[in-house]
Each structure stands twice: as structure tokens, then as C-alpha cells.
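# Structure, please.
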Amino acid sequence: MSYRVRTPDGQLEFASLYEIAKALRHGLVHGEDEILSPGQESWVRVSEHTALRTEIPTARQNRPRIPGGFDLVGTVVFALTGLVGIFLGWSAWVVYAAVGAAVWFSTRVALGVHAANRVKSRRR
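Model (predicted):
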């Protein structure tokens, strides 16, 4: 037996609730879609299904986000400052400080992207 999910685009079949939870996290299934469990005769909203209620992403999780945001802008600004300083012959200390700040900000961007892409496993 399989679980069926009815979306505005059509019906999908899943072998388990775990697969439906993964589909919720990836945006393939939404809370307003309906689910028909094996042995059931009536459709239930995914947001009202007891096993899937906690798997529905909140609006904050769905919001598009630029990884790094401020840190990305800082990387670009300080890198350009360092380049301009090199070409205009500024003091070495000013150039070193700008390049150091660019490296620091770019490290924060890289670590932030890594943390955002980590898979959160519920298994222990």
C-alpha cells in the first residue's frame, strides 16, 4: 500500500511518511495539499496529519536568503579597497588591513554557506 498526496498539479504516490516528509522539506508537497493514507477513505490536509504536522516548514524557513548577506558585501568592499590600494600605492598597512578584512569576511561567508547546506538528521 502507498500514501497518495493530492496537489493542485495532480496526485503523487509515496511509499512511506518519511518520503512525504522529505518532499515537504524540498517543497514538492505543501501543507495545504491533501493526503490519503493506506486503508483510509477520506482525504486529510497534510497540515492536519498528525505524523506530518511538525514537518511543515514555517514561512521563515521558506524565505529566500542570500548566504552571507552582510558578510558577502564586506568581502567585496574590502577586496576592492585592497586592490585600489595596491594600484594607487597606499601604505602597506592599509592594504594588509583591507585584504585581511576581506579574507575574514569571505571565511564567514564560506562557513555560513556550509552551515546552511548541512543536512539535519533525526537519527541518533
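# So what's the residue count around the nearest residue to residue 53 once chain neighbours are set aside?
Nearest non-adjacent residue to residue 53, counting by Cβ to Cβ, 6 or more residues apart in numbering: residue 47, 6.6 Å away. Yep, even glycine has a C-beta here, placed from its N, CA and C like the rest. Residues near residue 47, counting by other Cβ atoms under 10 Å, number 16.
# repeat for residue 3
19.
# Residue 38 is in contact with that one, correct?
Yes - judged on Cβ atoms under 8 Å, residue 3 makes contact with residue 38 at a distance of 6.7 Å.
# End to end on stretch 30-50, go ahead and measure it.
15 Å (Cα to Cα, to the nearest Å).
# Which neighbouring elements make contact with the one helix or strand residue 18 maps to?
Following DSSP states H and E, one finds residue 18 within helix 17-26. If you count contacts as 3 or more Cβ pairs under 8 Å, 6 or more residues apart in numbering; DSSP states H and E, helix 17-26 packs onto strand 3-7, strand 10-14.
# Of all the residues in the last one, which ones are buried?
Buried positions in strand 10-14, judged by neighbour count with 16 or more other Cβ atoms under 10 Å: 12, 14.
# Check which strands are paired with that strand and give the direction for each one.
According to DSSP bridges, strand 10-14 has the following sheet partners: strand 3-7 (antiparallel).
# what mean pLDDT does the longest helix along the chain have?
When the chain is parsed with DSSP state H, its longest helix is helix 92-116. Across helix 92-116, pLDDT averages out at 86.
# Could you give me the buried positions within it?
Going by neighbour count (16+ other Cβ under 10 Å), the buried part of helix 92-116 is 95, 98, 99, 101, 102, 105, 106, 108, 109, 112.
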